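> Sequence plus predicted model, see below.
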Amino acid sequence: MKKWLILFGPMLATTIGLAVVLLTGLASWPLARGLPGIAIGLNVSVLFACLMRWKAGWPISLIASGIGAVVACFFAISTAEVLPPGSIRWMWQGGLYGAAFGIPAAVLLSPLALLEQRQSAV
């Protein structure tokens, strides 16, 4: 098992979840604002982490991926208070703002994958 995948997996899943929310918000702002946007990011992130965990065998923490996506999407969506919602400017600046909080949250929680593996081995 490659140890760097423990950190990289939740980062990647969080980024994919955030990217889907940003693209959804660009296409249809009412669909991506508020709790539905956070739910979209959470679901996509956890589904991507599940796919990478069971199909590719990566040691990804589903909890870290989900929490990272929730934090990232919350901060990205909240930037619509100061930026034009659903615009390209919101997508880039809000996405960077969300990633600045969500990805470190996912990295900090990524060692949970080690706990999940240890519990499944017992």
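Thanks, I have it. Numbers count the residues shown, from 1 in each chain.
> Tell me how far Leu31 lies from Gly98.
17 Å (Cβ to Cβ, to the nearest Å). To be clear about C-beta, it is placed using only N, CA and C from the backbone, and glycine gets the same treatment.
> And these two? Which one has more around it.
For Leu31 versus Gly98, the count of surrounding residues by other Cβ atoms under 10 Å is larger for Gly98: 26 against 14.
> Could you check how far the nearest residue to the more buried one once chain neighbours are set aside is from Ala99?
Distance criterion Cβ to Cβ, 6 or more residues apart in numbering; nearest residue to Gly98, sequence neighbours excluded, is Ala76 at 3.0 Å. Note on Ala76: its distance to Ala99, by Cβ to Cβ, is 8 Å.
> Report the residue spans of this protein with pLDDT below the cut-off.
Within the chain, the ranges that satisfy pLDDT under 70 run 1, 113-122.
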